[in-house]
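1. Fold the following and give me the result.
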Amino acid sequence: MAEVAAARKHHVRVAGAKENEACAALTADNLRDIDAVIDFTTPQCVLAHIEACVKAGKNMVVGTTGWYAEIDRIRALVEQRGTGFVYAANFSIGVSLFFEIARAAAAALRHDYSGQIFERHHVHKKDAPSGTAIAIQHAIREASGQDETLEITSFREGDVVGLHEVVFESSADRIFLCHDAKSRRGFAEGAVRAAEWLAGKKGFYDFKDVWREL
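-> Numbering: from 1, shown residues only. Just a heads-up that it's a prediction; the model follows:
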C-alpha cells in the first residue's frame, strides 16, 4: 500500500500495531497533516479506528471487513462529521468487474441452475469465508431475485493471494466464473485511487458505486 501511494507521488505515514495501540496514532494532532487514512487491519480494531479518524475530521478508505453490522451507525457518524468515507470488501478493479459478471450470471438461478461459491486464500488469512465471497453471495442473491443463498466453501492453503470462483450447474451443463489475484497490488492500487477520488468530497460511499469514476 505504502509503495503504491509513494509511486503515485503521495507522502505516506505508516502506523503499525505498536504505534497505534489504543488508537494512539489516530489522534487529531497526529492526523493534522494527513488528508486520508487507509485502513486494512482487523475486525477487532477497525471500528475504533473509524471512530477516531472520523471524529478527527479525516477522510477514510476502509478495506477491513467484519464491521458491517454497525454500518448504519458509522454512516450517520460520517454524515454528522462531514467527512468522506469509502469502504469495500475488495478494492480490486478486477473484482469490481467480477461482481458485475456474477450479477449478470445470477439469472441462471431462475433457469433451474444451482450455484456454489469457492474461495481460496493464504494460510495466514484469519477470516473465513472471505469478505469478498460474502459480498459475491449477497450480490448474486439480490440480482437473482431468489431466496436461495449460495453456499460458500473456503480453503486456506500456501500463499494464495485470493481466488474466488462461482459455479452454476444444471442437468445439462456448468458455468464457471473465476477471479484469481496474482498479487496484492491490485487491492492497494484501488484503495489509493479511492483515497484520491475522495479528496474534496463528503459522504459515505461503497467502492462498487464509484470505481468507474477513478
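2. residues in contact with Asp206?
-> Val86, Tyr87, Ala88 (CB atoms under 8 Å, 6 or more residues apart in numbering). Glycine gets a C-beta too; all of them are placed from N, C-alpha and C.
3. I meant Ala52, not that one.
-> Cys23, Leu26, Thr27.
4. let's see 6 Å
-> Contact analysis of Ala52 by CB atoms under 6 Å, 6 or more residues apart in numbering lists Cys23, Leu26.
5. Now it, what are its backbone angles?
-> Main-chain dihedrals, Ala52, degrees, to the nearest 10: phi -60, psi -40.
6. Arg184 now?
-> Main-chain dihedrals, Arg184, degrees, to the nearest 10: phi -90, psi 0.
7. Spatially, what comes nearest to it if we skip its sequence neighbours?
-> Of all residues not flanking Arg184 in the chain, Val161 sits nearest, at 6.0 Å (CB to CB, 6 or more residues apart in numbering).
8. looking at it, the one you found is touching Ala181, isn't it?
-> Yes - between Val161 and Ala181 there is a contact under CB atoms under 6 Å: 4.3 Å.
9. More neighbours: these two, which one.
-> Ala181 (19 against 16; other CB atoms under 10 Å).
10. what pairs with the more buried one across the strands?
-> Following DSSP bridges, Ala181 is listed with bridge partners Gly162.
11. Would you reformat the contacts of Asp206 as CSV and include distance to Arg103, neighbour count and secondary structure?
-> Output for the contacts of Asp206, formatted as CSV (distance: CB to CB, whole Å; neighbours: other CB atoms under 10 Å; DSSP: H, G, I helix; E, B strand; the rest coil):
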residue, distance to Arg103, neighbour count, secondary structure
Val86, 20, 27, strand
Tyr87, 19, 25, strand
Ala88, 15, 27, coil
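12. Closest to Tyr68 out of those residues?
-> Of all these, the one sitting nearest Tyr68 is Tyr87; the distance, using CB to CB, is 8.5 Å.
13. List the residues that contact that closest one.
-> The contact partners of Tyr87, by CB under 6 Å, 6+ apart, come to Val62.
14. Need the pLDDT of it.
-> The pLDDT attached to Tyr87 in the predicted structure is 97.
15. go on, the one 10 residues further on?
-> According to the prediction, Leu97 has pLDDT 95.
16. Give me the common contacts of Val161 and Ala181.
-> If you check Val161 and Ala181 against CB under 6 Å, 6+ apart, no residue is contacted by both.
17. quick one, helices of this structure?
-> 2-7, 46-55, 71-81, 93-105, 131-144, 185-198 (DSSP state H).
18. Domain map for this structure?
-> Using automatic domain parsing, the domain ranges for the chain come out as 2-87+185-213, 93-181.
19. Now do the residue nearest to Lys182 when sequence neighbours are not counted against Asn90, distance only.
-> When the adjacent residues along the chain are set aside, Lys182 lies closest to Val161, with 6.8 Å between them (CB to CB, 6+ apart). Computed as CB to CB, to the nearest Å, the Val161 to Asn90 distance reads 12 Å.
20. For burial, what's the neighbour tally of Asp147?
-> 7.
21. Kind regards, and thank you for your time.
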